[in-house]
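Novice: Below are the sequence and a predicted model; questions follow.
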Amino acid sequence: MNQNADRKYIYSKLPPGAISRSTVIVLATGIAGYSALELLYGSETFYKKGVMPMVHKFIDGEESHKWAVRAASWGLLPRFGWNRKEYPELKCELFGREFKNPIGLAAGFDKDGQAITQLAKNSGFGLIEIGSVTPIPQPGNNRPRVFRLLEDEGVINRYGFNSDGVGRVHQRVRSARDSWVPEEYAYFGVNLGKNKMTEDAKLDYEIGVNYFAPHCDYLVLNVSSPNTPGLRSMQKKGDLEKLLAYVRDALNMHKLEKRPQVFLKIAPDLIESEMKDIAQVVTNKKYGVDGIIVSNTTIARPDYLRSENKAETGGLSGAPVREISTECVRKMYKLTNSQIPIIGCGGVFSGEDAYEKIRAGASLVQLYSAFGSSSMPDLRVISLEEVAKHNYEGIEKSCWIVISGKVYDVTKFLNEHPGGEEVISQLAGKDATVGFLDVGHSKDAIEMTKEYLIGQLPESEAATTTTAPKTTSTQKKSSSSFFKDFTDIMTSPTWTNFLIPVSMGIVVYVVYKFLFN
């Protein structure tokens, strides 16, 4: 009784609003702490369900882009978690260098080299590319100039080579490269562009070469942006030959001990004859082209686009350009007779998208638009008919199985875990939910569900697939079953997004009360 009286007396002495302020501070601290942990662990659920919906609602495309670059420059990149795991089997060798993986960050994200060190060291990419950089600073086109196509997982931009110019970017590049650790950092490239008012484009590319050749692993000649008048005409055979010869001579003047590779970035909208001309030029050794990036954004607008901004002028990127760019990779691979490495770029949102480009002929793959997609794109929808084709006998002896409506490509799992082929191969191309219950608790099975998820069934088909038998109210659940169900509920996105910050807030509140009351 006395304790209650003492408590009331203490509370009566508090200034008005003290409890409300304390509650807000405690909850805000809990939410901030939770958010920091989720960001450090690179939680896709948090990114998808929390961050991106708020970004799309309150911040326009260009401002969110700027904040993303700032965050990267401050080192706010995922540092821990199972999704940061490195896979030795993804290592590849190209240009006499070993890449820790074949996935790179395309130009366009860090246009002015503001986050070079953090991206090269902590992003997890095998290669990163900054730019496009123009000789003279220019603001680019008028705003608005970035348009999200949320329903189509795409973006239209008409930036127009907004750039800080070679002088300021060169300072940032030199500063970053002074402390470079090649064995630990990503392969680094600078994408070069031309100023809008420059009539003789090759002079602008020469300036870029002179500034950056001594300080990067590769240079990219961007002659394919649709947002700079006349730039794409540089892809014509005669103009291209003059440009490449000019760049070659500029590089030779430096007499560098380690010459950077030279890549050419082309458009996906080229006709067959233009692609043949480019293939003929880049495979001619005298021009010194080491690779081609296929491709830039497209000016095409597929009929299936649904988003409100689909008619905006500019270059379309993201999911809508996936098939266009992959087909362009396939054609260029054939036209060049695989004589020159291809970096595939356009519509890469998943490991499967990257693998499609590699199968089409790409040696490396770049992505960018996936960063700002609609809350990180949902799992690809895969029909049962398509799953059935991967029955460990059909397409390249691949093995897909369905577990609780999710589709897993376990081909690699079978190769790495001999002895389980007989059981899993019997379920290949089928629904394996019931069969999985017997092994669902094992370490290997859990690993499989984490690493090999590639998609989900359509809702109509998922409802008809075999699911685990439900326990009726008259059945007594075992303790292990109870804890499994409880864990499933507590770790579902709906609950974790709510309970974790609240729990953290309660903990902080208890500590606060203990220390200060």
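Specialist: Received it, and whenever you're ready, just let me know what you need. Numbers count the residues shown, from 1 in each chain.
Novice: May I ask which helix or strand of this protein has the lowest mean pLDDT?
Specialist: helix 479-490 (a mean of 42; mean pLDDT, DSSP states H and E).
Novice: got a pLDDT number for the nearest residue to residue 147 once chain neighbours are set aside?
Specialist: Leaving out its chain neighbours, the residue that sits closest to residue 147 by C-beta to C-beta, 6 or more residues apart in numbering is residue 309, at 3.8 Å. Yep, even glycine has a C-beta here, placed from its N, CA and C like the rest. On pLDDT, residue 309 comes in at 95.
Novice: show me the contacts for residue 309.
Specialist: For residue 309, the contacting residues are 147, 148, 149, 156, by C-beta atoms under 8 Å, 6 or more residues apart in numbering.
Novice: now residue 275
Specialist: Residues near residue 275 by C-beta under 8 Å, 6+ apart: 328, 331, 332, 335.
Novice: what do you get for residue 130?
Specialist: 107, 110, 111, 112, 113, 116, 169, 173, 189, 190, 191.
Novice: For residue 325, what is the enclosing helix or strand?
Specialist: helix 322-335 (DSSP states H and E).
Novice: remind me which residues of this structure are low pLDDT?
Specialist: Filtered on pLDDT under 70, the chain yields the residue ranges 1-14, 39-45, 78-87, 371-381, 394-396, 417-423, 435-451, 459-460, 462-517.
Novice: one step back: how close does the residue nearest to residue 147 sit to residue 130?
Specialist: 27 Å (C-beta to C-beta, to the nearest Å).
Novice: got it, and residue 335?
Specialist: 29 Å.
Novice: Residue 410 too?
Specialist: Distance from residue 410 to residue 130, by C-beta to C-beta: 38 Å.
Novice: same question, residue 68
Specialist: According to C-beta to C-beta, residue 68 stands 14 Å off from residue 130.
Novice: cool, and residue 106?
Specialist: 10 Å.
Novice: same check, this time on residue 261
Specialist: As judged by C-beta to C-beta, residue 261 and residue 130 stand 15 Å apart.
Novice: ok, then the element right after whatever helix or strand residue 250 lives in?
Specialist: Using DSSP H and E, residue 250 sits in helix 237-254. Next helix or strand after helix 237-254 toward the C-terminus (DSSP H and E): strand 261-266.
Novice: who's in contact with that following strand?
Specialist: Strand 261-266 has contacts (C-beta under 8 Å, 6+ apart) with 95, 107, 189, 191, 217-224, 235, 240, 244, 247-248, 251, 278, 282, 288-296, 328, 332, 343.
Novice: that older thread, spatially, which two of the contacts of residue 309 are the most separated?
Specialist: Spatially, the most separated pair among these is 148 and 156, at 8.4 Å (C-beta to C-beta).
Novice: Between those two, point out the one with more neighbours.
Specialist: Taking other C-beta atoms under 10 Å, residue 148 and residue 156 do not tie; residue 156 has more neighbours (28 against 23).
Novice: a strand runs through the more buried one, doesn't it?
Specialist: Yes: secondary structure of residue 156 (DSSP: H, G, I helix; E, B strand; the rest coil): part of a strand.
Novice: got the contact list for it?
Specialist: By C-beta under 8 Å, 6+ apart, the residues touching residue 156 are 146, 147, 149, 309, 310, 312, 313, 314, 315, 316, 317.
Novice: the strands in the stretch 301-450 of the chain, which residues?
Specialist: Ranges of strands within the stretch 301-450 of the chain are 315-318, 342-345, 364-367, 380-381, 400-403, 406-409, based on DSSP state E, counting those that start in this stretch.
Novice: Now do the fifth one: distance to the chain's middle.
Specialist: Chain-centre distance of strand 400-403: 25 Å, with C-alpha atoms, centre = their mean, to the nearest Å.
Novice: could you dump it to CSV, C-alpha only?
Specialist: Extracted in CSV, the C-alpha atoms of strand 400-403 (Å, rounded to 0.1, in the frame of the first residue of the first chain):
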residue,chain,number,x,y,z
TRP,A,400,12.9,-28.3,-59.1
ILE,A,401,10.6,-29.2,-56.2
VAL,A,402,7.6,-27.5,-54.5
ILE,A,403,7.4,-27.1,-50.8
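Novice: what does it contact?
Specialist: Contacts for strand 400-403 (C-beta under 8 Å, 6+ apart): 382, 384, 387, 390, 407-411, 424, 427-433, 436, 449, 454, 457, 465.
Novice: Then the first one?
Specialist: With C-beta under 8 Å, 6+ apart as the contact definition, strand 315-318 has outside contacts at 149, 152-158, 225-227, 296-301, 346-347, 349, 368-370, 373.
Novice: Any quick PyMOL command for the buried ones out of these?
Specialist: Buried subset of those, written as a PyMOL selection, criterion 16 or more other C-beta atoms under 10 Å:
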select buried, resi 149+152+153+154+155+156+157+158+225+226+227+296+297+298+299+346+347+349+368+369+370+373
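Novice: just to revisit the earlier point, quick one: the residue nearest to residue 147 and residue 457, what's the gap?
Specialist: The spacing between residue 309 and residue 457, counted by C-beta to C-beta, is 31 Å.
Novice: The nearest residue to residue 323 once chain neighbours are set aside: what's it in contact with?
Specialist: Using C-beta to C-beta, 6+ apart and skipping the chain neighbours, the partner closest in space to residue 323 is residue 347 (7.4 Å). By C-beta under 8 Å, 6+ apart, residue 347 lies in contact with 317, 318, 319, 320, 321, 322, 323, 324, 325, 326, 353, 369.
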